[in-house]
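Kindly generate the corresponding structure for this input.
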Amino acid sequence: MDYDTITLNFDGSVATLLLNRPEKMNALTTQMRAEIAYAVKDAGQKARVLVITGAGRAFCSGQDLGDRANASNVDLERTLRDEYQPMLNAIATCPIPTIAAVNGAAAGAGANLALAADVVIATESAYFLQAFSRIGLIPDAGGTYTMPRTMGMAKAMGAALFADKISARQADEWGLIWEAVADDAFSEHVARRALHLANGPTAAYAAIKSVIRASWDNSAEEQLALEAREQGKCGKSRDFKEGVMAFMDKRKAEFEGR
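Modelled structure (predicted):
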């Protein structure tokens, strides 16, 4: 597939999806959402880790309100169901670890696009903004699901009602993201984190992703049973045997691909 609003590059086993509308602060359009969904699925088949980041000074400023396909009289329910949901589901179900490298402003649906990734790493100058109430809307693109489960009901409610900027440092302290990193170290740090995951046990990572996400809907008993089943599968893998041998031999494990 040819991309117009994003780029997808592969460097060994690391895929990088770049939101590439810097002149619009990488605001989302109908075409862009379709391209992101397709690229995420492509990366999930070809790489061992996916990094999602933005070109220019923003990660993503949210919905492009000037997109002719999403004018003020658009059916927002249909847009969310038919365009946003497939994109977000592609990220949630991607079989490889996903990192949102938030290099700048992440606002509205752009903030929640970042939060859909498995791990969010932000530069300290970045911020997150649930801007929806400023234009008479509720947080969407999964924000009402993700925020209460990461930073708690009180912070999620305040973020949605007041629509205040949340600095990357605050987001880190509140548990909304994994970590905030100094601007001058950001690119190198993200690359190092991505390489770490790319060299890890891919099958175990896939199981970790699915089991942790399932925990939000399971009872404790159901989750224990799921853990047992998935751990049984992991325990029969070559990666487990290699991990144990590497530990015993005091060397770095060499995990296989898929």
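
Nearest spatial neighbour of Ala47, chain-adjacent residues omitted?
Among residues not flanking Ala47 along the chain, Ala15 sits closest, at 3.7 Å (CB to CB, 6 or more residues apart in numbering). Bear in mind the C-beta positions are built from the backbone N, C-alpha and C, glycine included.

The one you found - how many residues pack around it?
By other CB atoms under 10 Å, 26 other residues sit near Ala15.

now do Lys209
Number of residues near Lys209 (other CB under 10 Å) recorded here: 18.

same question, the one 5 residues further on
For Ala214, the count of nearby residues is 14 (other CB under 10 Å).

Now it. Nearest residue, chain neighbours left out?
Closest residue to Ala214 apart from its sequence neighbours, by CB to CB, 6+ apart: Leu226 at 6.0 Å.

Packing partners of the helix or strand containing the one you found?
Assigning secondary structure by DSSP states H and E places Leu226 in helix 220-235. Applying 3 or more CB pairs under 8 Å, 6 or more residues apart in numbering; DSSP states H and E, we find helix 220-235 packed against helix 202-214.

Would you indicate which residues of the helix holding Leu226 are buried?
For helix 220-235, the neighbour count (16 or more other CB atoms under 10 Å) marks Gln223, Leu226, Glu230, Cys234 as buried.

I'd like the mean pLDDT over the next helix-or-strand element following that helix, please.
Sequence-wise, the next helix or strand downstream of helix 220-235 (DSSP H and E) is helix 238-249. For helix 238-249, mean pLDDT is 90.

Which segments of the protein make up each domain?
The chain breaks down by automatic domain parsing into domains covering 6-198, 202-249.
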